[in-house]
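**Student:** The amino acid sequence is not available; the structure is as follows:
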């Protein structure tokens, strides 16, 4: 109830940042190579590289892949008890309250817990100031499993995405 009261008093769009559990989910896939690459120790090695050119190359190669995998996790992995709902409980909460999956941010949480849970990825959820717009999205999600995404997330779909821009600089 408290969340709904806060949303009722909102007069401008609000952007909230949340951690995903995509790293844990990705490591649980039956893919040993992916699990090895996404180990916290391996990611710590990437971050510790002092060669700026190597870091830029790692970012160029890894960011689009990890962001696409995070999008796949957030939009396609479904709750085993209710196939219309997102597997991720934080995503389920925000989407169920009418938010838009606005942006996926690589290198947003580089603490060990952030690397373990989400490979350093965090997500922005956008809440529209219009309660009507939130209610439409909330109903589309709760009744049909439809997830509204922002432009940056939508653009992650392209196989060869020429519009890709880094979300952070190393």
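**Tutor:** Right, received. Where do you want to start? On a predicted model such as this, the values are computed, not experimentally measured, just so you know.
**Student:** what's the spacing between stretch 99-111 and its chain's center?
**Tutor:** Distance of stretch 99-111 from the chain centroid (C-alpha atoms, centre = their mean, to the nearest Å) equals 5 Å.
**Student:** Ok, stretch 118-125 next?
**Tutor:** That offset, for stretch 118-125, works out to 5 Å (C-alpha atoms, centre = their mean).
**Student:** Give me the buried positions along it.
**Tutor:** By 16 or more other C-beta atoms under 10 Å, the buried positions in stretch 118-125 come out as 118, 119, 120, 121, 122, 123, 124, 125. The C-beta positions use only the backbone N, C-alpha and C, and glycine is treated the same way.
**Student:** Ok, stretch 46-55 next?
**Tutor:** Neighbour-count burial for stretch 46-55 [16+ other C-beta under 10 Å]: 46, 55.
**Student:** What segments of this structure are strands?
**Tutor:** If DSSP state E is used as the criterion, the strands of the chain fall at 14-19, 100-105, 122-127.
**Student:** backbone phi and psi for the closest residue to residue 143 other than its chain neighbours, please?
**Tutor:** Among residues not flanking residue 143 along the chain, residue 84 sits closest, at 7.6 Å (C-beta to C-beta, 6 or more residues apart in numbering). Backbone torsions of residue 84, given as degrees, to the nearest 10, read phi -90, psi -10.
**Student:** Next: residue 148.
**Tutor:** phi -80, psi 130.
**Student:** ok, it to residue 126 distance?
**Tutor:** Relative to residue 126, residue 148 is positioned 9 Å away (C-beta to C-beta, to the nearest Å).
**Student:** These two - which one has more neighbours?
**Tutor:** For residue 148 versus residue 126, neighbours defined as other C-beta atoms under 10 Å are more numerous around residue 148 (20 against 17).
**Student:** Residue 86 touches residue 92, doesn't it?
**Tutor:** Yes: at 4.6 Å, residue 86 counts as touching residue 92 under the criterion of C-beta atoms under 8 Å.
**Student:** residue contacts, the closest residue in space to residue 71 that isn't next to it in sequence?
**Tutor:** Using C-beta to C-beta, 6+ apart and skipping residues adjacent in sequence, the residue nearest residue 71 is residue 156, 4.9 Å away. Counting by C-beta atoms under 8 Å, 6 or more residues apart in numbering, residue 156 touches 64, 67, 68, 71, 104.
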